[in-house]
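Kindly generate the corresponding structure for this input.
(6 chains)
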Number of protein chains: 6
Amino acid sequence: MYYHDKQLQYPVRVEKPDPLFARQLQQAIGGVEGEIRVCMQYFFQAWGARGPTNKYRDLLLNTATEEIGHIEMLATAVALNLENAPLSAQEEGAADKVVGAVMGGEGSRQTIEGMLQRHVLSTGLAAFPGNAEGVPFDCSHIYASGNLAADMYCNVAAETTGRTLAVRLFNSTSDPGMRDMLHFMIARDTMHQQQWLAVIEEMGGAAALPIPNSFDQRQEHQRFSYFMMGTGRNGDPLPEGRFSSGPSIDGRGEFYAGHFEPLGEEPMLGAARPLSGAQAEQINPTGAKPT
Amino acid sequence: MYYHDKQLQYPVRVEKPDPLFARQLQQAIGGVEGEIRVCMQYFFQAWGARGPTNKYRDLLLNTATEEIGHIEMLATAVALNLENAPLSAQEEGAADKVVGAVMGGEGSRQTIEGMLQRHVLSTGLAAFPGNAEGVPFDCSHIYASGNLAADMYCNVAAETTGRTLAVRLFNSTSDPGMRDMLHFMIARDTMHQQQWLAVIEEMGGAAALPIPNSFDQRQEHQRFSYFMMGTGRNGDPLPEGRFSSGPSIDGRGEFYAGHFEPLGEEPMLGAARPLSGAQAEQINPTGAKPT
Amino acid sequence: MYYHDKQLQYPVRVEKPDPLFARQLQQAIGGVEGEIRVCMQYFFQAWGARGPTNKYRDLLLNTATEEIGHIEMLATAVALNLENAPLSAQEEGAADKVVGAVMGGEGSRQTIEGMLQRHVLSTGLAAFPGNAEGVPFDCSHIYASGNLAADMYCNVAAETTGRTLAVRLFNSTSDPGMRDMLHFMIARDTMHQQQWLAVIEEMGGAAALPIPNSFDQRQEHQRFSYFMMGTGRNGDPLPEGRFSSGPSIDGRGEFYAGHFEPLGEEPMLGAARPLSGAQAEQINPTGAKPT
Amino acid sequence: MYYHDKQLQYPVRVEKPDPLFARQLQQAIGGVEGEIRVCMQYFFQAWGARGPTNKYRDLLLNTATEEIGHIEMLATAVALNLENAPLSAQEEGAADKVVGAVMGGEGSRQTIEGMLQRHVLSTGLAAFPGNAEGVPFDCSHIYASGNLAADMYCNVAAETTGRTLAVRLFNSTSDPGMRDMLHFMIARDTMHQQQWLAVIEEMGGAAALPIPNSFDQRQEHQRFSYFMMGTGRNGDPLPEGRFSSGPSIDGRGEFYAGHFEPLGEEPMLGAARPLSGAQAEQINPTGAKPT
Amino acid sequence: MYYHDKQLQYPVRVEKPDPLFARQLQQAIGGVEGEIRVCMQYFFQAWGARGPTNKYRDLLLNTATEEIGHIEMLATAVALNLENAPLSAQEEGAADKVVGAVMGGEGSRQTIEGMLQRHVLSTGLAAFPGNAEGVPFDCSHIYASGNLAADMYCNVAAETTGRTLAVRLFNSTSDPGMRDMLHFMIARDTMHQQQWLAVIEEMGGAAALPIPNSFDQRQEHQRFSYFMMGTGRNGDPLPEGRFSSGPSIDGRGEFYAGHFEPLGEEPMLGAARPLSGAQAEQINPTGAKPT
Amino acid sequence: MYYHDKQLQYPVRVEKPDPLFARQLQQAIGGVEGEIRVCMQYFFQAWGARGPTNKYRDLLLNTATEEIGHIEMLATAVALNLENAPLSAQEEGAADKVVGAVMGGEGSRQTIEGMLQRHVLSTGLAAFPGNAEGVPFDCSHIYASGNLAADMYCNVAAETTGRTLAVRLFNSTSDPGMRDMLHFMIARDTMHQQQWLAVIEEMGGAAALPIPNSFDQRQEHQRFSYFMMGTGRNGDPLPEGRFSSGPSIDGRGEFYAGHFEPLGEEPMLGAARPLSGAQAEQINPTGAKPT
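Just a heads-up that it's a prediction; the model follows:
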């Protein structure tokens, strides 16, 4: 079960509230590269982790729990960036603001154009679990496959896109408070990349491939297991690299490359059945209707 | 641009049509671990690939183009597995079938319970771009981040969950035709795992971490870059492993672990603004309404 | 504005409640071929109809209003089909039912397997605005383009898939009450197909093509306006038919067909920018990191 | 920030694993009446709570944190109910099982028809953040409006549908372990209904209506503020009750009821503009095309 | 069944068309706080209402039917606000407009930045059933639980967030026509809050709690039914209020509060099964692969 | 199976990169009127096409394959339009740009307000499979009904909304490269409208109605098959036109029109069942709770 502390994991300060940056921060909350995703992904991986030992269950719980705190920090940052956002033509000074500064913090009418309208209309100047375009987070992005090695690669993938996003947010703002918060978050993404790669190494690294390693590879069509398939039309040169020749990454085969010709037939599904709602012509060639 | 050949990439045969297996195959078409996802993911990565050379653009195009053929094979397999699926109480023999066999292929009323109803009602006994529960594929799952190394980890993740799915489908059927098709597809997933890991190796492997490597790490809060954060409440022992001590994976730091105490304050957002739609009590403590 | 009458547009009777048929009927409520879709589509087309006269606004309102009554009939039919659906092992007689009949109406445990679980868990044995797999209706399916001719083709399309669905539902049940309701609904779908095609005829039919007809066709690349583009790889024979030779449907050109070769270049996007979150190698060929 | 304890909030035991009940439990995890929803709803309300004091922020945090533990319990229950679920025709004894018992726990082929296929194909016999039909949870259901009184009614609504669901799940199973877990959860839902109603009472109850109470009611069209609008077509009798006569709930008006006639005009949007993509007839009555 | 009148329920006028306000109005059409939601929610509650009498069915139908008229008014308002929205650089005067006024009505290039692009590209300057960010309405938001008391709280919740939204829209515009329309709509939301609360009072109010009241409370774990559960980590003071001591709202218990310690065990799911697609290490501790 | 050529189908050039136009182009990629939709729609129709001959399978494959090339062209156009989009306050010259031009191409801060934020944050200045508001494409829009005539009308509908969108994009830009690309695409949409209408003509045109034509029309309630149903409340005049009198389009009936009165009863669902989670009052009129 879970506990909370009223303090934030790391300080969140905003010097110049910027409603457009509030919008951008939403990507780190409810975007597919964001913190709700990793938080719930690690939780569901932990709660479903099977194995003779509970080895990685607790590691996943620690990091999932850490991530709740990141969502909290970002939600706080969104609210602080919306402090002075424009609500109405009636607010004191709004008229001036329209004429006024183009840049954030002072809530001009121009600013309202770049804002998420739901920050005004739906949340009362606070965060919501959606991305920078206002699209709500959809939990189909929680990858928890029941295969721990696959899950770890999903986690590395999540942390690489997550850190890329955090770096882009860092580059996008000049607010010292926001940059301080992000330099903490970028560091945590660095660690999480390392951490899941460390688990992959513990699980055997390349030697544990292919994933899942519990399937007897003799049952796969091994002629195609290390073959770089070329689909160029005209005998174009094939791409060459580490993946086209030499030993495979798992050390169990040799890469090779080539153009590929179809091995299957042209499929022919045959006539539709009388009660299937097709047109009469699909049921028999004369198109005579059933009686 | 693109070209087609009317023949299938690899033969697709179904000996005993099984409408429940048709449902399961949908996961490999329109599930998040499925082929539409990898096909479009590789295409969008290719079409947006930036770099001084076009090095990986073409590799991505080859594999994306290969994957269209996989969707085609699976869609054909779904249609073939639905050949004799039950449509109606009126069809000849349907009454017998109700009393008849429990297992697939003969289209009993019992079978209709496990089928996707949309296979009867919406597609006329054919495949659609949704998963095994009938949920349509949603293109937010196409990861193409603009960072090639992050993309490659996303691709490995996709192929590990994809091969796990293919293995589960293989285990779930005993139809020789379907097993032959899947043993080809499992082999291709093996290759694709290898292939994207080979690109990661070419891009420097662990040495190219953290991703993105174009951000100056001196700007991150490096005290936390290799720290395993413990969130256990009661001084529980921390998880230990490759990730809690010793050199980091990227060779740039040393892992360490510890319990963590909040560094931030309790946030205090202050009063709501008069025109923000809040309750009067949120605007001032007396709850007096604005006039 | 709108008014209601407590009576149904057409009688709805169920003789033998069948929870699996309740599930199938959901497709006609909340499926993409269903009644919520056409109802809202006709309303939004009416409410946004522009033109010198209000000619089609009222026609659309009449049919949209009719469709609310169809949703109501179907929702009633779902509730009636769920009358005796299984809720619990504790209900009187439930134990017997498990051993009992396979077919609907008597609520065996087997039946619960084919039901929508949300009919028990979320609605208390009533309809909801989702399809036969439980996927909620999503209003992106409301096509209202601002071009009345395009809208009319969207409406014909909706009514052809709608009537196909209604026919499949008719074929799927033997309940006399349900068949009576559906024979009314199928007739209405017949009329609605006719009705929208009649509007297309009024708007000029083929002569009003291409849609939109307010764009000066001299601005399009007319060499390709009546060309059947072949993408077969190997000089395969091209498909032949009404669409490959002879006068075009709009009478403004001549169909012709041929294989197509690319007219464009291989795209080259060039290097990524320093602050875009790409890998260093994408920014410059040496992979030197920015400082 | 947040902390975890490896123990569950309340014991979770399953005596007879039942994969269909695993499916039903998903509704309490990822359904709109489920625990992810309340957990995240309370968190986002807390993180965005504005007011002169932090009065309800901490209450919301306590309950949100409690709810993570409920998701964890349910996810554990799903995994335990899937212990023996059917994976394959090859598993030892599977053939017997097909002939075998209809009821859960022994994993017959019949059982596989009622299961969520994703429990086998996507999660390796574990929970995921979706509902009983396999539809992923969508975070648009997190209501956090910035108005604390509105939020409290949203919370009561969530807990009433939540307890209704928990009662249905209780009625649906006879497993003693599952019933014990649910009798705890039903009690918690009882408390949470009470708790949010208690906050509403503290905020003034009916006297604080209408919500938001920071809008000057003199600006609304008060003739219609306590009017039960009848839309019956034919002078049908109007519904009568507490809502049609007598003092209003907020004590500021008197309910009355009546049939309603339109006050507005028939709207006439006028001609479409030349570059808007409409048909020529929409742009001018002759249908002459622009040149 | 349903009928229509070509006139609007209440006048809709726009003096100064403002495409950004058109965007904001979309939230009241297709947002989760909007009119499609309440309209369909009341319809589905009515169509599924069970009870010995049809007492609330007709009340729900009256209000649902009223709400169609509200969607119509809002859709008309959106179209009128888009009258002069910018379509193209070629339109007469467009160049001037770019240099011209910042505020709405005159369609400057700046205005196009804040518009919904779909208003130009997809609808031809008309409304669509989506929210202010362009996200389509999703019918999972139609709450109709089969429990009338739960439904009524869902309705109050919908009308409190709905009136909050209407107030924010009112505050956001200075157009007299739009303010007149909204002052009618705000009044109707006031009534609908009152109306559903009046039904709750008729159903017993607090005395009818907990919902559902058809479940024997002796079956719940009553020790926890009125317990405010504290999850603070460090013996922090618990939140205090109406909810932490004194009689419960339903009058059946006494509130009390306290910190909570886990009652359950650490879960241990055990080894994965051989055919479940897990890694070999999850199946047995040595990681030996199956043969 | 499928093949690729590295060259584009038609040249894609951008003279003045415009990040707002990049946003608008997304509608043609991932909007419901866009190219992913038609591409996948034609593929799924082809892969599921049943009939005694494979007549239309290959035609569909040719056009589906052509459409991949259109997505590729548009994705390339998006990337080129994002060339100089604003990333950061730190980029050289950014400060000037803020002061600088309002119009596109030079990446001012003002421009960032109209951009899709995900173009900066998620894709690194490249396309993604979503629409102009950032909403991801959802594959429920792939219509493939199993009835070829219904499918053809769906295809005409898709190409009419598609060409309308392309015309609006053409009107929205003045970039010569973009206009050249679009004049090719508009021509292709012209052809595709013609092509699918030609197939409808081959299948019998109006004579093949109603769709599906394999259902015996004597089973429908023919009194209502050609009846224009009026729902006006007050004896308003009915809409008149081709659809209200004269021979029907299919030549099998005569149109007529009239007001309609309900033929059904007021539905009465009766009492709720004891274990269904309803309120006690719904179960019996006294509201006595079950014991």
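
residues touching residue A:126, list them.
Taking CB atoms under 8 Å, 6 or more residues apart in numbering or on different chains, we find residue A:126 in contact with A:75, A:78, A:79, A:82, A:119, B:269, D:44, D:47, D:48, D:50, D:144, D:146. (Each C-beta comes from the backbone N, C-alpha and C, glycine too.)

Identify the residues contacting whatever residue of the stretch 1-150 of chain A ends up closest to chain B.
In the stretch 1-150 of chain A, the residue found nearest to chain B is residue A:8; the distance is 2.9 Å by CB to the nearest CB. Residue A:8 makes contacts with A:69, A:72, A:73, A:76, B:262, B:263, B:264, B:265, B:266, B:267, D:1, as judged by CB under 8 Å, 6+ apart.

what domains does the record give for chain A?
A:19-206, A:217-259 (automatic domain parsing).

With distance to residue E:226 and mean pLDDT added, can I get these in CSV?
CSV is the format used below for these (distance: least, CB to CB, whole Å; pLDDT from 0 to 100):
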stretch, distance to residue E:226, mean pLDDT
domain A:19-206, 28, 89
domain A:217-259, 59, 93
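
Quick check: which of these is buried the most?
Across these, averaging neighbours per residue (mean count of other CB atoms under 10 Å in any protein chain shown) puts domain A:19-206 on top, at a mean of 24.

just to revisit the earlier point, identify those among the contacts of residue A:8 that sit within helices.
Counting by DSSP state H, the part of the contacts of residue A:8 found in helices is A:69, A:72, A:73, A:76.

if I pick the closest residue to the second one other than its chain neighbours, what's in contact with it?
Just to be clear, that refers to residue A:72. Spatial nearest neighbour of residue A:72, excluding adjacent residues (CB to CB, 6 or more residues apart in numbering or on different chains): residue D:47 at 5.8 Å. When contacts are counted by CB under 8 Å, 6+ apart, residue D:47 touches A:72, A:75, A:76, A:79, A:126, A:127, B:267.

quick check, nearest of those to residue D:179?
Top of the list for closeness to residue D:179, among the contacts of residue D:47 and by CB to CB, is residue A:72 at 35.3 Å.

Tell me how far residue A:273 lies from chain F.
8 Å (CB to the nearest CB, to the nearest Å).

Over to residue A:218?
Relative to chain F, and taking CB to the nearest CB, residue A:218 is found at 26 Å.

With residue A:128 instead?
For residue A:128, the distance to chain F equals 15 Å [CB to the nearest CB].

What of residue A:10?
From residue A:10 to chain F the distance is 21 Å (CB to the nearest CB).

Could you pull up the residues touching that residue?
A:73, A:181, A:184, B:262, B:263, B:264.

now residue A:30
By CB under 8 Å, 6+ apart, the contact set of residue A:30 is A:36, A:128, A:129, A:130, A:131, A:135, A:136, A:137, D:139.

isn't the last one right next to residue A:34, touching?
No: taking contacts as CB atoms under 8 Å, residue D:139 lies outside contact range of residue A:34: 10.9 Å.

quick one: common contacting residues for these two?
residue A:137.

In the stretch 1-150 of chain A, which residue sits nearest chain C?
residue A:33 (10.6 Å).

can you tell me how far that residue sits from chain E?
19 Å.

got the contact list for that residue?
Contacts of residue A:33 by CB under 8 Å, 6+ apart are A:27, A:158, A:161, A:162, A:164, A:165, B:145, F:121, F:122.

Residue A:190 too?
A:163, B:209, B:210, B:217, B:220, B:225, B:226.

Show me the helices in chain A, by range?
With DSSP H as the criterion, chain A has helices spanning A:19-30, A:35-47, A:55-81, A:94-99, A:109-114, A:117-121, A:148-172, A:176-202, A:280-283.

nearest to residue B:56, of those helices?
helix A:148-172 (15.8 Å).

Quickly check: the closest one near chain D or not.
No: judged by CB under 8 Å from any CB of the partner chain, helix A:148-172 makes no contact with chain D; its nearest approach is 9.4 Å.

again with stretch A:58-69
Yes: using CB under 8 Å from any CB, stretch A:58-69 reaches chain D at A:58, A:61, A:62, A:64, A:65, A:66, A:68, A:69.

who's in contact with that stretch?
A:2, A:8-9, A:35, A:38-43, A:45-46, A:49, A:188, A:192, A:195, A:199, B:228-232, B:238-239, B:241, B:243, B:260, D:1-4, D:6, D:43, D:68.

And for stretch A:215-228?
Stretch A:215-228 is contacted by residues A:210, A:238-239, A:243-244, A:248, A:252-258, B:62, B:167, B:170, B:183-184, B:186-188, B:190-191, B:194-195, E:277, E:289-291 when judged by CB under 8 Å, 6+ apart.

Grab the CA positions of that stretch and hand them over as PDB.
This file holds the C-alpha atoms of stretch A:215-228, laid out as PDB (Å, rounded to 0.1, in the frame of the first residue of the first chain):
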ATOM      1  CA  PHE A 215      10.400 -20.400 -26.900                       C
ATOM      2  CA  ASP A 216      12.400 -23.200 -28.600                       C
ATOM      3  CA  GLN A 217      14.100 -21.500 -31.500                       C
ATOM      4  CA  ARG A 218      14.100 -24.700 -33.500                       C
ATOM      5  CA  GLN A 219      10.400 -24.100 -34.000                       C
ATOM      6  CA  GLU A 220      11.000 -20.800 -35.800                       C
ATOM      7  CA  HIS A 221      11.800 -20.700 -39.500                       C
ATOM      8  CA  GLN A 222      15.500 -20.100 -38.900                       C
ATOM      9  CA  ARG A 223      16.400 -19.400 -42.500                       C
ATOM     10  CA  PHE A 224      14.800 -16.000 -41.900                       C
ATOM     11  CA  SER A 225      16.000 -15.300 -38.400                       C
ATOM     12  CA  TYR A 226      19.100 -13.300 -39.300                       C
ATOM     13  CA  PHE A 227      18.100 -12.100 -42.800                       C
ATOM     14  CA  MET A 228      17.900  -8.500 -43.700                       C
END
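
any chance of the contacts of residue D:47 in TSV, plus distance to residue A:21?
TSV is the format used below for the contacts of residue D:47 (distance: CB to CB, whole Å):
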residue	distance to residue A:21
A:72	18
A:75	14
A:76	13
A:79	12
A:126	15
A:127	12
B:267	17
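
isn't residue A:172 right up against residue A:21?
Yes: shown here, residue A:172 and residue A:21 form a contact pair, counting by CB under 8 Å, at 7.0 Å.

sorry, back to before: how about the residues of stretch A:58-69 next to chain D, which pair is most distant?
It's A:58 and A:69 that sit farthest apart of these, by CB to CB, at 17.5 Å.
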